[in-house]
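Participant: sequence below, structure please.
(chains A and B)
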Amino acid sequence: MSIDTALANSLPTAAVTEEAGISAERFEQLMLQHQRRVYRVIYLLVRDADAADTLTQECFLRAYQKRKGFRGECKVETWLLRIAVNLVRDHGKNRRVSFWRRLIQGDANLPDPVSEGATPEAALLAKEELQTVWSAVNSLSPQQRTIFFLRFSEEMPLAEIAALLEIKTGTVKAQLARATGKLRELKEKQWK
Amino acid sequence: MEMIRNLSNEELSELTLASDERFLQQELTALPAQAREAADRSDEFWAAQRAAVWSKIAGRERAKLRRPVLVGAAAAAIIAIGILFVPQKTKPAVTVVPPPAISDQELLIQVERVVQSGAPASLQPAGLLMQEVAQYAPTVQTKESHEN
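Facilitator: Have a look, this model is predicted:
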């Protein structure tokens, strides 16, 4: 199944040009359909809105350039997220310093998790707990962090994460267990 | 303990993971909503992002089209520079080979041969000269021998 077939299934009205294989309308639809998730995953991993925007654009640019190479072994979304994760990995190599700075300073972009009807004390407690989790996630290795967010923020099945990262499902489980183990350790320490 | 020993690494990971997930349930449950909220942007933002992608695509396509022209121009420039700066091959010097030196007597013999073999009218004076040389040559030799 090529990208055309995959897209034709999701976008039956879209036209295909003979030369490019995928028309501008179809690629526009592809972006409309997936840009939020691609941006979100990138944002969770880089924690920088501007960088996430730039990397999302780069992700779709690469997808457009490589669209003829898509062989349909996985879902279009998985393919896009794979490009996104690879871009983040390359970006991370150049931004080690920035990562450590953010780790030390904490995360200013963390949203306020105050839920409706919660008392100020409960909301404060919830915010502190989440702050702890997000800071702890930053201390994980890049691969563990990626797997953690894909599993718990994006609620992706383990097999899909494995397909996305091109690793075995067993490796995903092991990495995830290590990640949650570290978070558990941190939480236990806080309680003491 | 015996049961744990019989578990494979993957099963052990699953067990640990399930236990940790239960322990962190509160935090993990809040994560998807929190992530969505953190990455939530306006419709204008998404439209601008798509426009930026199309702009980048157009830029790359233009660059791709321009590349062969640039390569051609560069090649032409290199060839032109090559023609201007590479020293031209010097023509081989023309060496004038002097005719083999022959004595006057040999020259006269050659002329005689030509005359005898039916020379053209323009060479008749040369024929006369040859006859004269033939007449006087023995006399001179005799006179010289008497003197000796």
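
Participant: how about A:C59, what does it touch?
Facilitator: A:C59 makes contact with A:V38, A:I42, A:L80, A:I83, A:A84, A:L87, according to CB atoms under 8 Å, 6 or more residues apart in numbering or on different chains. Using the backbone N, CA and C atoms, a C-beta is placed for each residue, glycine as well.

Participant: you'd agree the fourth one is up against A:A63?
Facilitator: Yes. In this structure, A:I83 is within contact of A:A63 by CB atoms under 8 Å, at 5.9 Å.

Participant: what number of residues lie near A:A162?
Facilitator: 18 (other CB atoms under 10 Å in any protein chain shown).

Participant: where's it, which helix or strand?
Facilitator: Counting by DSSP states H and E, the element that carries A:A162 is helix A:158-165.

Participant: show me the helices in chain B, by range?
Facilitator: Along chain B, the segments classed as helices by DSSP state H run B:2-5, B:9-23, B:25-38, B:43-85, B:104-116, B:124-147.

Participant: and the helix holding A:A162, what's buried?
Facilitator: A:L158, A:E160, A:I161, A:A162, A:A163, A:L164, A:L165 (16 or more other CB atoms under 10 Å in any protein chain shown).

Participant: got it, and stretch A:175-187?
Facilitator: Result for stretch A:175-187 [16+ other CB under 10 Å]: buried residues A:Q175, A:L176, A:A177, A:R178, A:A179, A:T180, A:G181, A:K182, A:L183, A:R184, A:L186, A:K187.

Participant: and if you look at stretch B:26-42?
Facilitator: Buried residues in stretch B:26-42, counted by 16+ other CB under 10 Å: B:E27, B:L28, B:A30, B:L31, B:Q34, B:A35, B:A38, B:A39, B:R41.

Participant: contact partners for the fourth one?
Facilitator: This points to B:L31. A:V133, A:F152, A:S153.

Participant: ranking these by neighbours, who comes first?
Facilitator: That'd be A:F152 among the contacts of B:L31, by other CB under 10 Å, with 24 neighbours.

Participant: between the two ends of stretch A:156-171, how far is it?
Facilitator: With CA to CA, to the nearest Å as the measure, stretch A:156-171 spans 15 Å from end to end.

Participant: that stretch near chain B at all?
Facilitator: Yes. Applying CB under 8 Å from any CB of the partner chain, one finds stretch A:156-171 touching chain B at A:G170.

Participant: hmm, who's touching that stretch?
Facilitator: A:74-75, A:78, A:81-82, A:85, A:143, A:146-147, A:150-151, A:172-173, A:176, B:9-10, B:13.

Participant: before we move on, back to that, tell me which of the contacts of A:C59 is nearest to chain B?
Facilitator: A:I42 (8.7 Å; CB to the nearest CB).

Participant: what angle sits between the one helix or strand the closest one maps to and helix A:158-165?
Facilitator: Using DSSP H and E, A:I42 falls within helix A:24-46. Counting by axes from the mean of the first three to the mean of the last three CA atoms, to 10 degrees, helix A:24-46 points 100 degrees away from the direction of helix A:158-165.

Participant: helix A:24-46 - contacts with which helices or strands?
Facilitator: helix A:3-10, helix A:49-65, helix A:76-94, helix A:142-152, helix B:25-38, helix B:43-85 (3 or more CB pairs under 8 Å, 6 or more residues apart in numbering or on different chains; DSSP states H and E).

Participant: deepest-packed of the ones you listed, please.
Facilitator: Per-stretch averages of neighbours, counted by mean count of other CB atoms under 10 Å in any protein chain shown, single out helix A:142-152 among these, with a mean of 22.

Participant: and that helix, does that touch chain B?
Facilitator: Yes. With CB under 8 Å from any CB as the criterion, chain B is reached by helix A:142-152 at A:F149, A:F152.

Participant: looking only at pLDDT, what's the mean for that helix?
Facilitator: On average, the pLDDT along helix A:142-152 is 92.

Participant: what's it in contact with?
Facilitator: A:41, A:44-45, A:81, A:85, A:88-89, A:92, A:137-138, A:140, A:156, A:158, A:161, A:164-165, A:172, A:175-176, A:178-180, A:182, B:28, B:31-32, B:35.

Participant: under a three-state scheme, what state does A:L124 occupy?
Facilitator: helix (DSSP: H, G, I helix; E, B strand; the rest coil).

Participant: hmm, back to that, how about the helix holding A:A162 as PDB, C-alpha atoms only?
Facilitator: The C-alpha coordinates for helix A:158-165 follow below in PDB (Å, rounded to 0.1, in the frame of the first residue of the first chain):
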ATOM      1  CA  LEU A 158       3.200  -0.400  22.600                       C
ATOM      2  CA  ALA A 159       3.300  -2.100  19.200                       C
ATOM      3  CA  GLU A 160       2.700   1.300  17.400                       C
ATOM      4  CA  ILE A 161       5.500   2.900  19.500                       C
ATOM      5  CA  ALA A 162       7.800   0.000  18.500                       C
ATOM      6  CA  ALA A 163       6.900   0.500  14.800                       C
ATOM      7  CA  LEU A 164       7.400   4.300  15.100                       C
ATOM      8  CA  LEU A 165      10.800   4.000  16.700                       C
END
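
Participant: appreciated, that's everything.
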